[in-house]
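[1] fold the stuff below for me.
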Amino acid sequence: MKTREIILILLAAAFGAVAIVTWSEEIAANERAAKISKEAAEARLKSAADIKTLNDKAAKDAKDAVATVAKLAEAAAAKLADADAAKKKVEADLAKAKEDAGKAAVKAAELEKAKQLADARVNELNAELANLRNGSELKEAIASRKKAEADLEAASAALREANAKLAAALARIAELEEENRRLREQPRGTPNTSPNYRVL
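    Model (predicted):
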């Protein structure tokens with residue numbers, strides 16, 4: 001065989017090997033491309049499913065949040081109505097207590113005047129008793145004195161009772177004014193923490 005023929009054979013073998021390698025690489029590349037395409041399609045499907053799941057969850061969360069806000073608003077409105085009703089009741093009680101206190105003060109003044117008159121009458125009778133000279137006048141004076149002392153004791157008891165009622169009314173006024181102040185200072189829609197708060 002000639003050298004030229006050997007070179008040609010070697011060249012043909014080399015080109016054949018290159019063609020085989022190129023063809024093999026093309027097949028492998030096509031397989032890799034098909035695999036990548038399949039993985040991309042699967043990823044798209046999974047991504048779409050994940051997006052749908054997230055959208056469904058977001059919609060449910062939004063619905064739950066709206067329901068929660070509505071419940072909170074309803075509760076706040078109810079608490080506000082209760083607070084307004086409690087405030088009105090306290091104001092009415094305060095007005096009534098002030099009226100009672102005024103009446104008690106008038107009654108106490110009247111009883112104080114009656115006590116002063118009784119004291120004056122007792123002093124007069126004591127003076128008359130000192131100047132009495134016979135037994136009948138003395139008995140009448142003693143009886144009058146006893147009656148005056150009984151009247152004085154009754155007036156004193158009535159005055160003590162009126163003073164007690166006046167003190168109770170003034171204490172109630174102070175309590176109601178404090179409750180009224182707390183209601184005015186309390187932010188609207190918050191729970192009433194006052195120890196005197198009563199749900200109406």
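[2] where do the helices of the protein begin and end?
    For the chain, the helices defined by DSSP state H cover 3-131, 135-185.
[3] okay if I get the ones you listed as TSV plus mean pLDDT and mean neighbour count?
    C-beta coordinates here come from the backbone N, C-alpha and C atoms, glycine included. Shown next, in TSV, are the helices of the chain (pLDDT from 0 to 100; neighbours: other Cβ atoms under 10 Å):
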stretch	mean pLDDT	mean neighbour count
helix 3-131	79	12
helix 135-185	84	15
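[4] mind listing what the closest residue to Leu152 other than its chain neighbours touches?
    Leaving aside its sequence neighbours, Leu152 sits nearest to Ala118 (Cβ to Cβ, 6 or more residues apart in numbering; 4.0 Å). Listed by Cβ atoms under 8 Å, 6 or more residues apart in numbering, the contact partners of Ala118 are 148, 151-152, 155.
[5] switch the cut-off to 10 Å
    By Cβ atoms under 10 Å, 6 or more residues apart in numbering, Ala118 lies in contact with 148-156.
[6] any idea how far it lies from Asn163?
    Plainly put, Ala118 is 16 Å away from Asn163 if you go by Cβ to Cβ, to the nearest Å.
[7] next one: Glu31
    110 Å.
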